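In: need a 3D model of the sequence below.
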Amino acid sequence: MRGKNVLGLVCANVDDANLHQVTGIRSMASVPFGGGYRLVDFTLSNLVNAGVGKVGVITDNNYQSLMDHIGAGKPWDLARKNDGLYLLPPFNAAAVANYNAGSIGALYNIMNFLERSNEEYVFLTACSYVANLDLNKVFRFHEDEGADVTLLSAVGRAPSFEDQPIVDAMEGNRITRVRLGAPGGDGDTWLLKAMLIKKALLERLIREAHSKGETSFEKDLLLNNIGRLKFCNYRTEGYVAAMDSLDSFYQANFALLKKENFGSLFPAERPVYTKTYEDMPAVYGLGSDVKNALIADGCIIDGEVENSILFRGCHVEKDAVVKNSILMPGCFVGEGAAMNYVIADKSAAVRPRKVLSGADSFPIYIGKEIHI
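Out: Take a look at the predicted model:
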C-alpha cells in the first residue's frame, strides 16, 4: 500500500469539551502546542510524510482559527490543482445537528466527498493527541495482517475521554475484546482515535450505523463489529500524549523540555510542518536570564524565564519572572510581575508587579486578550 492510495480524514473538533478552556474560541485541531505549532500540524505532517496527497478536514464550529492556520495547505505541500487539502464544514442546519449527534453523523455528512474520492483506503484520525507516526509502517502492517481495520494504540494510563477504548484481550495482533472508559492503570493499551480502513468498508459501516440511528463511533461502530471484522492493534512508537484535560495539555507541553521527548516528536527524518511567520529572532536583554525554556522567534526577553514555553511575539519586561508557564503568541508580562504555573492564551497580558501562582497539577489559565 502506498500513501497516494490513502485518503486522510481529520476530525478537527473531536473532544473539544475536554479542553474547553482553550477550545472555547478555536477547534481542538488549532490549539497551540510546543512553542510554535498547532495540534493539527502533527496530524497533517504524519500524513504527508507518508505520501498521502489528499486530506479532508472535518469541522463543526469555531474553525476560523483553523482556516487561518491551514489556508490552502501550502506548508504541507497540499496546495495542489488536483487533490490536496479540503476543508469540510457542516453545510446546513441539518448537518450541524448530525455532527452534534456524534462522530458517525459527522462522517455521514461527508459521504459525497468520500464517494467522489478515488483512494482505496482511508486513514481517519482526531487531533486530540500528539505523536510523530511513521504511517508507512502502519500501511505495511495492515496489509501483512490482512486486517479489516487497523487501530493505533499506546501503552500507559488511558486518557479520560468519554468512551475511551481500551484493549482488554488480543489473539496475536487481533483485538478480540475492548472496554470503554474506566482506565485500569499505567499498563493499559489504549486506542488513539486513529484507524486505517478500506474506504468501501467505512462507507458501508457509516451507512448501516446511520440508518439505525446510531451515533457513537466507539459504542456503535467499534464494539458492534469487533467480533465480525478483523480489528488489528498497531502499537505506536515514541512519545504520545493525549489532550484530555487542561492539566494533560500542560504536562504534554512541558514534556518537550526533556530531550528524549523532543527528539521523539521532532525527528529529522519526519519533520513537522507548520505555518511560518516572517519574524525577527528572539532578543535577549542584558539583564535577562533564561533556563530550560523553549523560546520562539519574535520574543523579547528582558526578565527571567525558567522551565517555560513561549510562543512567538511574547514580551517579558525587566525584573519580571516567568516560571513553569506557557505563554501563547503575543503575551505580555509587565515589569516586576511574577508568573508560576500559568497558561496564558493569545495576547494575554499581566500588568507590572502582579503575581500569579498556580500549581503543577492545577495551572492558572488566562483567556485570550485578558489583561490582569
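In: in three-state terms, how would residue 112 be classified?
Out: Here residue 112 is helix, with the state taken from DSSP: H, G, I helix; E, B strand; the rest coil.
In: check contacts around it.
Out: Contact criterion Cβ atoms under 8 Å, 6 or more residues apart in numbering gives no residues in contact with residue 112. (Each C-beta comes from the backbone N, C-alpha and C, glycine too.)
In: how much space between it and residue 80?
Out: Applying Cβ to Cβ, to the nearest Å, one obtains 20 Å for the distance of residue 112 from residue 80.
In: just residue 354 next, same as before
Out: Looking at residue 354 against residue 80, where the rule is Cβ to Cβ, the gap reads 49 Å.
In: looking at the two, which is more packed in?
Out: residue 354 (16 against 13; other Cβ atoms under 10 Å).
In: could you chop the protein up by domain?
Out: 3-265, 283-366 (automatic domain parsing).
In: mind saving the C-alpha coords of stretch 15-30 as PDB?
Out: C-alpha atoms of stretch 15-30 as PDB (Å, rounded to 0.1, in the frame of the first residue of the first chain):
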ATOM      1  CA  ASP A  15     -13.000  16.000  22.200                       C
ATOM      2  CA  ASP A  16     -13.300  19.800  22.200                       C
ATOM      3  CA  ALA A  17     -15.200  19.600  25.500                       C
ATOM      4  CA  ASN A  18     -12.200  18.000  27.300                       C
ATOM      5  CA  LEU A  19     -10.100  21.100  26.700                       C
ATOM      6  CA  HIS A  20     -12.900  23.600  26.900                       C
ATOM      7  CA  GLN A  21     -10.800  26.400  28.500                       C
ATOM      8  CA  VAL A  22      -8.700  26.600  25.300                       C
ATOM      9  CA  THR A  23     -11.200  25.400  22.700                       C
ATOM     10  CA  GLY A  24     -13.900  27.900  23.600                       C
ATOM     11  CA  ILE A  25     -12.600  30.100  20.800                       C
ATOM     12  CA  ARG A  26     -11.000  27.500  18.500                       C
ATOM     13  CA  SER A  27     -11.200  23.900  17.500                       C
ATOM     14  CA  MET A  28      -9.100  21.100  19.100                       C
ATOM     15  CA  ALA A  29      -7.100  21.000  15.800                       C
ATOM     16  CA  SER A  30      -6.000  24.600  16.100                       C
END
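In: what residues does stretch 350-368 touch?
Out: By Cβ under 8 Å, 6+ apart, the residues outside stretch 350-368 that reach it are 21-22, 24-25, 246-247, 250, 317, 324-326, 328, 332-348, 371-372.
In: and that stretch, how far apart are its ends?
Out: As for stretch 350-368, its first-to-last residue distance stands at 12 Å under the measure Cα to Cα, to the nearest Å.
In: for residue 222, see how far away residue 208 is.
Out: 13 Å.
In: more neighbours, these two?
Out: Just comparing residue 208 and residue 222: by other Cβ under 10 Å the higher neighbour count belongs to residue 222, 22 against 15.
In: just say helix, strand or coil for that one.
Out: In three-state terms, and counting by three-state DSSP, residue 222 is helix.
In: surely it meets residue 166?
Out: No - assessed by Cβ atoms under 8 Å, residue 222 is found out of contact with residue 166, at 11.4 Å.
In: just confirm residue 190 is within a strand.
Out: Yes - with three-state DSSP as the criterion, residue 190 is located in a strand.
In: what's the neighbour count on the nearest residue in space to it that is not next to it in sequence?
Out: Leaving aside its sequence neighbours, residue 190 sits nearest to residue 158 (Cβ to Cβ, 6 or more residues apart in numbering; 3.7 Å). The number of residues packed around residue 158, counting by other Cβ under 10 Å, is 25.
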